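> all I have is the shape, not the residue letters:
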């Protein structure tokens, strides 16, 4: 007589195999922000298609879009059961600055229990947990307790331009009771948390054009305005010394923190000294009048993401540059609107631009902020699943990052999102040496499997 | 009977050969600011050694230094005659931004009568004229009218770090009555001019370090100060809206323009509308209260030469950068001191730096401003030579650029410099598509030959 392993046993027994599969996924440089990697992005989509096809799904399909393909799979076990739409993204951020990686970004390496690779945490490692949870049910002949739909996109890092139209065009296909997303961080190591709030994003680019060519700074210095100086002047006027954003109307729609909210923030375990030490900083800085946790999750911010002009090489070049540029993004909170914010930004920057140069402001992708109702049954099932695996009651937190698609799922499908993050803020996503703890990859698979088990009883 | 050609005829007859030789010189990417090109810089030195050796010199020598070699040659015809030390540099600026060159920077090409190549004007094309002038005397068996010494360095674009100690160590070798330098621009096309004033230079670099790694702007935005924003704040405080430099003490040593100086400036032919049009600008900008010509030659300036931080690629990357940097240079006028100015700059920038980041200020090469006495006989001989070749009386002007070595020749050798420029301000030196008019290359050789002929009678 053959005794089938339980779902949990299967996960424990197949860790090595799961890790190897994830490594294959991480080997693919699926950088969506750089068109040079278009084929690699496609390879990552096909990787997922193959993995889904190896599961016992009712339907697996690759949808071509104007951009990168959308990977879809579904398994309907019982129409009366809740349907969970699992969302993830297979594209990754560029690895720059590449020199600062200790091991190559697309050759995953384990050091001290962490997987180092671009996408390890954001979002290949995290999203892959749910496929393996389903596999554990199927390989142990355990009835899958809910209906499941998978949707993976390859344009999250460029603002999901194809996904939103896709959702609108496929409302019926994607019909669900909730969206499950693992693309956020836990509050701290071994401290599970469920993110119920996310900030939105408006991402802008400022280009300043001076003369029609680079000039010699000796010959022309004093005659013409300098685009780099002008750019710095403009940027210096975006925030004041207290970190208050100076764009007229910027704060108009911001939902202020209540006394209750602020009390809840105070209860969160947070060691500011340790936080500074990890970042190598003597002092923190942000909007005056708010705590660090409030500033990173419930308050809007403005940051320069990139800056360029003239000569950046070794030594000295006496050039008076013709051009300067900057990327500037703003994190938004309920009820700020990215489009409106972008418009206010443009108007303000143009109002600061002198007639000695030409200033152009363009908008990259944006996203709405989002909040999930704390009483939603899916959130409660997720909390119980975390507690069962991590043996700790999770915190409910708001996070500073943006997953714009959360607001779109809410708006188009009427579905709330469960943000079941297994990452850590120290994972260095979007930085060199991105990592994901191997133990959280495995605990993630367990938590996902537990969530599916517990969900029907909460509904 | 063989009739020897005159010096002038020889120059006319050998234009093609002169151009081909210059092209060989321009083929060498002798970029001194980038250590990758070290061997190419050396090749350019050997090119000159070979050319000097093909002339009938008393002595030709390559002096090794800690940096790039110094090329020396001398021909003493008669101790009682004036001795002219011809100075030039065989190193060039980097060609960035390389994409904007219409033809490759190190493949010289003639278009519309102009030689396009990095170094065409600055300074290979200009300095080579004097070797060919000497050749014209020798090949026509014409007695050379003066004593001549050549000194070519390969570090002008990085501030001549080896040349100054070399001059100090070889005062006797370099003893001379004047220094002849062709590394400046004429006032306008067909409008010869002699530069009798040059600005000095202080070139600084600001580095701002925030956290120990790039951060995610969502997760950390609001918690930490942003090095790029801080850098922009600092730079915005270097000048006010009227273009007045805000560094305390910066103007203390500036020799103010006299009423006479200002009257002389007003007499120079200058069409501001045409100037703007050539640069593609709607409006000029500089220190309030001074004309454009005054601002570009007799007033100090401050310009950002380079700026960098975070993500500069296509699309959007939501990074909160760990680092930001800028190159900032100041053009100085008599009697400003580059070292003192650098110190004032450092102190001011540090006074603006918040404790949330680490700001480092370093100094690249600098140079003293210089003025040559208008009554000096060498200047008069140069003026007559120009008039003989260009059929126009040259203007005496002050130029905005810096040739720091001019101040050093004055200080160490007690020799005044004749700045006999054949270039144009539109030559795009230090920019893409640097050029030098072929006709001015040839007229330069004629003018140089004429200068040597006329000099003894002026002494």
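Structure's in. What do you need? This one's a predicted model, so the numbers in the text were calculated from it and none came from an experiment. Numbers count the residues shown, from 1 in each chain, chains lettered A, B, ... in the order given.
> residue A:248: what's it in contact with?
By C-beta atoms under 8 Å, 6 or more residues apart in numbering or on different chains, the contact list for residue A:248 reads A:344, A:347-348. The C-beta positions use only the backbone N, C-alpha and C, and glycine is treated the same way.
> near chain B, which residues of the stretch 51-200 of chain A?
A:93-94, A:96-97, A:100, A:157-159, A:185, A:199 (C-beta under 8 Å from any C-beta of the partner chain).
> give the contact list for residue A:136.
By C-beta under 8 Å, 6+ apart, residue A:136 lies in contact with A:7-8, A:10-11, A:14, A:142, A:445, A:449.
> what about stretch A:205-218, average pLDDT?
Average pLDDT, stretch A:205-218: 95.
> how about stretch A:111-123?
Averaged over stretch A:111-123, pLDDT sits at 98.
> and it, which residues are buried?
By 16 or more other C-beta atoms under 10 Å in any protein chain shown, the buried positions in stretch A:111-123 come out as A:114-123.
> got any ranges where the stretch 151-300 of chain A has weak pLDDT?
Within the stretch 151-300 of chain A, no stretch falls below the threshold (pLDDT under 70).
> now for the residue in it that chain B sits nearest to, how many residues are close by?
Closest contact between the stretch 151-300 of chain A and chain B, by C-beta to the nearest C-beta, is at residue A:218 (2.9 Å). Residue A:218 has 26 neighbours, counted by other C-beta atoms under 10 Å in any protein chain shown.
> that one in helix, strand or coil?
With DSSP: H, G, I helix; E, B strand; the rest coil as the basis, residue A:218 sits in coil.
> next one: it from residue B:301, what distance?
Distance, residue A:218 to residue B:301, by C-beta to C-beta, to the nearest Å: 9 Å.
> common neighbours of those two, please.
Common neighbours of residue A:218 and residue B:301 (C-beta under 8 Å, 6+ apart) are B:331, B:400.
> so which elements touch the longest helix anywhere in chain A?
Using DSSP state H to define each element, chain A has its longest helix at helix A:438-458. Judged by 3 or more C-beta pairs under 8 Å, 6 or more residues apart in numbering or on different chains; DSSP states H and E, helix A:438-458 is in contact with helix A:7-13, helix A:15-26, strand A:114-116, helix A:124-139, helix A:377-390, strand A:417-420.
> how is chain A carved up into domains?
Listed domain ranges for chain A are A:7-198+A:369-458, A:200-254+A:300-366 (source: automatic domain parsing).
> in TSV, list those domains along with distance to residue A:279.
Formatted as TSV, these follow (distance: least, C-beta to C-beta, whole Å):
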stretch	distance to residue A:279
domain A:7-198+A:369-458	10
domain A:200-254+A:300-366	15
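> closest one to residue B:325 among the ones you listed?
Taking C-beta to C-beta, domain A:200-254+A:300-366 is the member of these nearest to residue B:325, at 7.8 Å.
> in the stretch 151-300 of chain A, which spans are strands?
All strands of the stretch 151-300 of chain A, identified by DSSP state E, counting those that start in this stretch, fall at A:178-181, A:185-186, A:193-198, A:200-209, A:215-216.
> redo the ones you listed as JSON lines? Include distance to residue A:137.
Listed next are the strands of the stretch 151-300 of chain A as JSON lines, based on distance: least, C-beta to C-beta, whole Å:
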{"stretch": "strand A:178-181", "distance to residue A:137": "15"}
{"stretch": "strand A:185-186", "distance to residue A:137": "24"}
{"stretch": "strand A:193-198", "distance to residue A:137": "23"}
{"stretch": "strand A:200-209", "distance to residue A:137": "36"}
{"stretch": "strand A:215-216", "distance to residue A:137": "67"}
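> a markdown table for those strands, including mean neighbour count?
Shown next, in a markdown table, are the strands of the stretch 151-300 of chain A (neighbours: other C-beta atoms under 10 Å in any protein chain shown):
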| stretch | mean neighbour count |
| --- | --- |
| strand A:178-181 | 26 |
| strand A:185-186 | 26 |
| strand A:193-198 | 25 |
| strand A:200-209 | 23 |
| strand A:215-216 | 24 |
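> to residue A:440, which of the ones you listed lies closest?
The closest of these to residue A:440 is strand A:185-186. By C-beta to C-beta, the value is 7.6 Å.
> and that closest one, how far out from the chain's middle?
Distance of strand A:185-186 from its chain centroid, counting by C-alpha atoms, centre = their mean, to the nearest Å, is 12 Å.
> now swap in stretch A:314-329 and tell me
Here stretch A:314-329 is found 30 Å from its chain centre; the criterion is C-alpha atoms, centre = their mean.
> ok, it near chain B or not?
Yes - remark: stretch A:314-329 sits within contact range of chain B at A:314-321, A:324-327, A:329, by C-beta under 8 Å from any C-beta.
> from chain B, how far out is residue A:140?
Distance check for residue A:140 against chain B: by C-beta to the nearest C-beta, to the nearest Å, it reads 37 Å.
> I'd say that residue and residue A:5 touch.
Yes - here residue A:140 reaches residue A:5: they are 5.5 Å apart, a contact under C-beta atoms under 8 Å.
> just checking, residue A:386 touches residue A:396?
No - between residue A:386 and residue A:396 there is no contact under C-beta under 8 Å: 10.8 Å.
> and for the two, which residues touch both?
residue A:194.
> list only buried entries from the residues of the stretch 51-200 of chain A next to chain B.
A:93-94, A:96-97, A:157-159, A:185, A:199.
> farthest-separated two in those?
A:97 and A:199, at 25.3 Å, using C-beta to C-beta across those.
> helices along chain A, start to end?
Ranges of helices in chain A, per DSSP H, are A:7-13, A:15-26, A:38-53, A:124-139, A:163-169, A:227-236, A:259-267, A:272-279, A:292-295, A:338-352, A:377-390, A:404-408, A:438-458.
> most packed of those?
helix A:227-236 (a mean of 27; mean count of other C-beta atoms under 10 Å in any protein chain shown).
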